[in-house]
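Enquirer: Have a look; sequence and predicted model below, questions after that.
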Amino acid sequence: MKIQKSYIDDGSVLYLVPTPIGNYDDMTFRSVETLKNVDYIFCEDTRVTKVLLSHFNISTPLRNYHIFNEDVAYEDIINLLKEGKNVALVSDAGLPCISDPGYFVASKAIEAGFKVISLPGASASLTALIASGLPCEKFYFNGFLNSKQNQRIKELNELKDKKETLIIYEAPHRIHETLKDMYDVLGNRRIVIARELTKHYEEYTRGTLEEVQAEELNLKGEMVLILEGASIESNILELNNLSVLEHFNHYINQGIDEKEALKKVAKDRNVSKSDIYKEIKVK
Ligand code: SAM
């Protein structure tokens with residue numbers, strides 16, 4: 001067990017610093033101060049981060065840290081921390097580590113005994129969720145689905161029964177095929193497409209999967225998809241379309257014992273347990 005006292009203990013720090021997702025006014029005072037005060041800033045793309053730094057008059061040296069070099073770049077960061085330097089990590093936009101690089105070096109820095117401090121700030125995920133109008137008490141962040149259709153369908157099948165609101169990132173060139181796969185696998189349910197958040201052309205499209213597919217929507221730019229979770233009723237309706245044995249096996253495959261599975265099938269179908277028992281002949 002390790003306890004980190006972020007602002008009491010001495011020692012070098014790896015700061016995980018959020019940057020705006022489209023509107024520079026969302027840069028926090030703390031992010032600016034931290035980026036000014038650290039010894040080095042590691043970023044995904046120096047061209048992107050240079051523009052941000054120059055906007056806020058930050059002259060801290062920049063280095064690269066992206067998914068293609070993280071197995072090497074993380075060592076540079078750990079070595080700097082060992083030399084007593086403070087380091088900040090930023091991604092192109094939003095929170096590092098959230099569908100962006102950062103987790104690997106954060107875990108390595110913690111393992112090596114350094115403090116890892118995150119600053120709160122913009123992330124497309126929560127920004128879209130809270131204005132979606134869909135329940136936000138419980139949600140499941142999935143990030144990007146696989147770009148290969150068969151893998152994407154497999155992932156959607158895994159998400160299908162989740163009751164929590166789903167948060168999914170998608171790229172504009174794949175959006176129409178993804179919406180179709182979602183409709184085919186998840187069935188019709190409410191969806192909110194939040195595009196170009198915090199920018200001049202910010203747009204929320206709120207409807208059902210059926211509606212957003214039928215419309216010829218012009219879905220360009222960056223977007224987050226917020227999907228209603230599975231409702232218990234829709235699950236049961238679907239299960240009731242299966243044969244009794246398939247319905248029973250659905251529960252068995254979830255690790256539920258035979259007696260309980262029998263009870264659940266009877267309840268879902270609103271028939272007696274003995275009727276179900278007769279059909280599946282449980283020993
Ligand atoms: N780390 C970022 C965060 O905290 O949100 C996410 C980085 S991920 C590589 C980029 C994806 O985030 C985009 O493809 C899009 O799905 C979503 N995204 C980023 N900025 C956005 C914006 N302004 N409006 C809508 N979605 C955005």
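Expert: Here it is on my side, so go on.

Enquirer: now V265: how far from the ligand?
Expert: 40 Å (C-beta to the nearest ligand atom, to the nearest Å). Just so you know, the C-beta spots here come from the backbone N, C-alpha and C atoms, and that holds for glycine as well.

Enquirer: For the residue in the chain that the ligand sits nearest to, name its beta-bridge partners.
Expert: Nearest residue of the chain to the ligand (C-beta to the nearest ligand atom) works out as G94 at 2.5 Å. Taking DSSP bridges as the rule, G94 bridges to T19.

Enquirer: Surely it and D100 touch.
Expert: Yes: using C-beta atoms under 8 Å, G94 is in contact with D100, at 6.9 Å.

Enquirer: which SS state does the closest residue in space to L227 that isn't next to it in sequence fall under?
Expert: Ranked by C-beta to C-beta, 6 or more residues apart in numbering and with sequence neighbours excluded, the top spatial neighbour of L227 is L166, at 4.2 Å. Of the three states, L166 takes strand under DSSP: H, G, I helix; E, B strand; the rest coil.

Enquirer: Contact partners for the residue of the chain closest to the ligand?
Expert: 18-19, 21, 100, 121-124 (C-beta atoms under 8 Å, 6 or more residues apart in numbering).

Enquirer: near the ligand, which residues of the stretch 1-150 of the chain?
Expert: 21-22, 91, 93-95, 98-100, 123-125 (C-beta under 6 Å from any ligand atom).

Enquirer: Just those residues: which are in helices?
Expert: 124-125 (DSSP state H).

Enquirer: Which single one of the residues of the stretch 1-150 of the chain next to the ligand is nearest to D39?
Expert: Checking those against D39 by C-beta to C-beta gives S91 as the nearest, at 19.2 Å.

Enquirer: My read is that the closest one contacts C43, right?
Expert: Yes: in this structure, S91 is within contact of C43 by C-beta under 8 Å, at 7.3 Å.

Enquirer: send the alpha carbons of the helix or strand harbouring R152 over as CSV?
Expert: In this structure, R152 sits in helix 149-159 according to DSSP states H and E. What follows is helix 149-159, C-alpha atoms only, in CSV (Å, rounded to 0.1, in the frame of the first residue of the first chain):
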residue,chain,number,x,y,z
GLN,A,149,-16.9,-3.9,-38.2
ASN,A,150,-16.8,-7.5,-36.8
GLN,A,151,-15.0,-6.3,-33.7
ARG,A,152,-17.2,-3.3,-33.3
ILE,A,153,-20.3,-5.6,-33.4
LYS,A,154,-18.7,-7.9,-30.8
GLU,A,155,-18.1,-4.8,-28.6
LEU,A,156,-21.6,-3.5,-29.0
ASN,A,157,-23.0,-7.0,-28.0
GLU,A,158,-20.9,-6.7,-24.8
LEU,A,159,-22.5,-3.2,-24.2
